[in-house]
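> model this:
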Amino acid sequence: MSGSLVRRMRSVRGGWSYWHVVLCGIALAGCQGSSQAPQPATASFPGISLAVGALDDTAILAGVTSQRGEWVASRGGEISVQEQPLSVESLASADVVLFPAQRMGDLVDAGALKPIPNDVVVPRRPPAPEAGEPSQTERERAKTEAEDTYRYMDIVPAFREQVSRYGTDRIGLPCGGSALVLVYRQDAFESPANRAAAQKAGVSLEPPATWTQLDALARFFHSRDWDGQGGPDYGIALVLGPDAEELGNSTFLARAASLGQHRDHYSFLFDSETMAPRIEAPPFVEALKALVSLKAFGPPGMERFDAAGARIAFRTGKVAMLIDRAERAAAWSHGKPVGVAPLPGSERVFEPALKTWQPASPPNSPSYLPAGGGWLVGVNGRLSGTKLEAALDFAKYVTTPDNSNRIRAERPFPMLPVRAALMGLGLPDPTTAPDVASREWSEAVRRTLMADRVVPGLRIPLAGGYLEDLAKGRADALAGRNPEQALHAVGQAWTERTKALGTQHQSWHYRRSLNTLATLPHPPERGK
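Take a look at the predicted model:
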């Protein structure tokens with residue numbers, strides 16, 4: 001171990017005891033991963049050639065490319081990786097597809113992917129023994145469980161039961177996740193001078209439990225020399241402008257979810273019976289007003305910040321807080337300790353059926369997941385026979401505990417773990433984020449992805465178009481338009497999109513995407 005690495009480890013909050021646990025945990029996980037590498041007894045595919053591609057962004061294929069060698073060696077098949085991004089129309093050229101869950105509605109609508117059967121990932125166990133039956137059956141069941149190297153039940157419920165499913169169908173196997181977190185300067189929160197000033201102002205210098213507390217912190221830190229280096233600093237950096245990562249929309253929808261995702265209701269963005277947009281409802285209006293107000297507590301020009309702009313503003317060291325995707329931790333380090341916390345909740349929640357506000361204690365804190373939740377691996381719907389078996393086997397291989405841990409750590413396309421066993425291992429590569437508190441990062445990710453209620457981002461056909469309408473409405477409000485009017489325009493645009501595709505058609509997809517409401521086996525035709 002180099003001297004510089006030792007010094008860096010000593011400087012990270014938590015000291016030697018924490019790093020001893022982390023390094024031992026990583027070593028143990030590596031040993032377990034090696035011993036549990038998939039070794040199917042009969043899944044050999046000599047001469048079978050599979051093409052692997054990615055929808056929209058091929059950067060995610062870096063991990064697949066680096067991990068395909070063992071599958072090729074053990075199965076006798078061939079894997080070719082397509083360099084150009086796929087569209088729904090060109091999906092036929094790939095046998096195995098990696099895709100963001102946000103595109104699931106488009107893929108289901110096109111019949112592009114084949115649902116993945118239970119027996120691919122859930123081992124077939126012998127039936128439970130009846131009274132007086134020899135103990136051999138119990139031994140067989142124990143042997144089956146010991147041979148279950150895929151560990152499907154280790155996938156956290158949000159991905160096992162929501163993100164990877166569309167109604168009752170499992171459309172893909174979870175590869176990696178995405179979640180929003182609050183990032184903050186630890187020195188700003190721990191400075192004795194700041195604590196004394198905060199006490200006088202009635203502000204608690206702790207990671208906020210509610211959005212109201214976050215607003216108060218942003219006001220407190222803004223225009224104050226909280227870092228002691230002279231000159232005023234800023235309270236918060238947010239993505240408020242157009243951005244390719246949809247981080248601006250996600251931040252808005254995360255705040256709206258805490259206000260509008262009632263524990264007794266499944267629907268969030270639409271009425272599940274009529275497909276009437278709820279985007280004009282009080283929770284969304286309040287969330288947009290609050291974000292417009294926060295513009296005053298950020299760096300100049302924050303209303304135009306994309307994801308890169310917000311990260312740069314925080315990384316330069318003059319901003320106390322940032323809301324970002326947890327997997328982008330490598331973009332936060334700037335020589336000062338960085339803390340991480342889950343996003344806050346709301347002390348009240350809107351009941352849509354009664355159209356009234358209700359108090360929420362503890363705060364209403366459903367987790368909103370960007371990109372439909374994360375990224376999945378699916379199998380082309382046209383496949384059959386041995387090639388289908390090989391494609392299913394490779395999709396399972398890519399998402400095993402060992403390989404999914406390696407793939408999520410690839411720098412070109414960072415993702416969050418989707419397995420409970422990996423949640424406590426900290427940052428996948430601490431050297432890329434030396435200032436970030438790894439324990440806090442792990443805990444924030446765990447609490448977000450394993451929350452009691454999780455709201456994956458929109459997954460219906462043309463979800464991207466609906467989100468473009470929302471981005472335009474947010475931009476109008478930030479430019480000075482009344483938030484109610486801006487969201488009314490979004491609602492009208494959504495209604496027109498739904499009518500163009502067919503209200504019954506989109507209603508089927510929306511209900512299907514919620515995973516909890518009954519639907520017919522197949523959607524009505526487009527236009528109906």
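> shaky segments in the protein?
Low-confidence segments of the chain (pLDDT under 70): 1-43, 124-147.
> run the last query once more with 80
Where the chain drops to pLDDT under 80, the residues are 1-43, 123-148, 409, 516-517, 528.
> I'd like to know how many residues surround Pro85.
15 (other CB atoms under 10 Å). Every residue, glycine included, has its C-beta placed from N, CA and C.
> can you check Ala276 too?
15.
> and if you look at Asp215?
Asp215: 19 neighbours (other CB under 10 Å).
> does it touch Lys295 like I think?
No - contact between Asp215 and Lys295 fails when scored by CB atoms under 8 Å: they sit 11.9 Å apart.
> all strands of the stretch 1-150 of the chain, in order?
Under the criterion DSSP state E, counting those that start in this stretch, the stretch 1-150 of the chain contains strands at 49-54, 78-81, 96-100.
> could you identify which of the ones you listed is most buried?
Comparing the strands of the stretch 1-150 of the chain by mean neighbour count (mean count of other CB atoms under 10 Å), strand 96-100 ranks first with a mean of 26.
> so which elements touch that one?
The elements that strand 96-100 packs onto, with contact taken as 3 or more CB pairs under 8 Å, 6 or more residues apart in numbering; DSSP states H and E, are strand 49-54, strand 374-379, helix 385-398.
> please list all residues in contact with the nearest residue to Ala201 once chain neighbours are set aside.
What sits nearest to Ala201 in space, not counting adjacent residues and going by CB to CB, 6 or more residues apart in numbering, is Phe220, at 5.9 Å. Counting by CB atoms under 8 Å, 6 or more residues apart in numbering, Phe220 touches 197-198, 201, 203, 235.
> ok, now how distant is Leu288 from Val490?
10 Å (CB to CB, to the nearest Å).
> ok so, going back, mind putting the strands of the stretch 1-150 of the chain into TSV with distance to Thr65?
Converted to TSV, these look like this (distance: least, CB to CB, whole Å):
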stretch	distance to Thr65
strand 49-54	9
strand 78-81	5
strand 96-100	11
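> can you tell which of those is closest to Gln485?
strand 96-100 (31.4 Å; CB to CB).
> and the angle for that closest one with helix 385-398?
Angle between the axes of strand 96-100 and helix 385-398 is 40 degrees (criterion: axes from the mean of the first three to the mean of the last three CA atoms, to 10 degrees).
> one step back: so which of the contacts of Phe220 belong to helices?
If you go by DSSP state H, those have 197-198, 201 in helices.
> picking that back up, the residue nearest to Ala201 in helix, strand or coil?
helix (DSSP: H, G, I helix; E, B strand; the rest coil).
> what's the spacing between it and Leu291?
18 Å.
> could you do Pro362 as well?
23 Å.
> so which of those two has more stuff around it?
Counted by other CB under 10 Å, Pro362 and Leu291 do not tie: Leu291 has more neighbours, with 23 against 9.
> now the helices for the stretch 1-150 of the chain?
3-11, 15-35, 61-75, 104-109, 118-121, 136-146 (DSSP state H, counting those that start in this stretch).
> what's the nearest residue to Gly424 if we skip its chain neighbours?
Gly424 sits nearest to Ser442 (CB to CB, 6+ apart), 5.6 Å away.
> burial count for that neighbour?
20.
> again with Asp271
Counted with other CB under 10 Å, residues neighbouring Asp271 total 13.
> report the contact partners of Gly378.
96-99, 107, 113-114, 116, 171-173, 395.
> buried residues in stretch 269-288?
Within stretch 269-288, the residues scored as buried using 16 or more other CB atoms under 10 Å are 269-270, 272, 275, 277-288.
> do the same with stretch 252-266
Buried, per 16+ other CB under 10 Å, within stretch 252-266: 252-262.
> and if you look at stretch 295-307?
Buried, per 16+ other CB under 10 Å, within stretch 295-307: 295, 297-299, 302-303, 305-307.
> swap in stretch 196-207?
Those would be 198, 203-205, 207, for stretch 196-207 by 16+ other CB under 10 Å.
> Glu440 contacts Ala341, correct?
Yes - with contact defined as CB under 8 Å, Glu440 reaches Ala341; the gap is 6.8 Å.
> how about the helices in the stretch 201-350 of the chain?
211-221, 247-260, 282-294, 307-315.
> outline the domain layout of the protein.
Per automatic domain parsing, the structural domains of the chain span 48-130+143-178+382-449, 180-370+454-513.
> pull out the buried residues from the lengthiest strand in the chain.
Counting by DSSP state E, the longest strand found in the chain is strand 356-364. Neighbour counts over strand 356-364 (16+ other CB under 10 Å) mark 360, 363-364 as buried.
> which other helices and strands does the helix or strand that that strand is followed by contact?
Scanning forward in sequence from strand 356-364 by DSSP states H and E, the next helix or strand is strand 367-369. Packed against strand 367-369 by the contact rule (3+ CB pairs under 8 Å, 6+ apart) you find helix 247-260, helix 438-449, strand 454-456.
> quick one: strand 367-369 to chain centroid distance?
7 Å (CA atoms, centre = their mean, to the nearest Å).
> pairing partners for it, with directions?
Next to strand 367-369 in the sheet, as set by DSSP bridges, lie strand 454-456 (parallel).
> contacts for the partner strand next, please.
101, 157-158, 162-163, 253, 257, 261, 268, 366-369, 372-373, 513.
> out of those, which are buried?
Here, 16+ other CB under 10 Å leaves 101, 158, 162-163, 253, 257, 261, 268, 366-369, 372-373, 513 buried among those.
> mind picking the two most distant members of those residues?
Ala101 and Gln261 (17.9 Å).
> got a list of what the closest residue to Ser507 other than its chain neighbours touches?
In space, Ser507 comes closest to Met275 once its chain neighbours are excluded; the distance is 4.7 Å by CB to CB, 6+ apart. Under the criterion of CB under 8 Å, 6+ apart, the contact list for Met275 reads 498, 503, 506-507, 510.
> next one: Pro46
By CB under 8 Å, 6+ apart, the neighbours of Pro46 are 75-77.
> pretty sure Val418 contacts Pro174?
Yes - look at Val418 against Pro174 with CB under 8 Å: they come within range, at 4.3 Å.
> which residues do these two both contact?
155, 159, 374, 404.
> neighbours around Leu487, how many?
25.
> middle-most residue in the protein, spatially?
In the chain, the centroid-proximal residue (CA atoms, centre = their mean) is Ser178; its distance is 2.2 Å.
> got the phi and psi for that residue?
phi -140, psi 140 (degrees, to the nearest 10).
> for the spatially closest residue to Val108 that is not a sequence neighbour, name its beta-bridge partners.
Nearest residue to Val108, sequence neighbours excluded (CB to CB, 6+ apart): Tyr166, at 5.4 Å. Using DSSP bridges, the bridge partners assigned to Tyr166 are Asp169.
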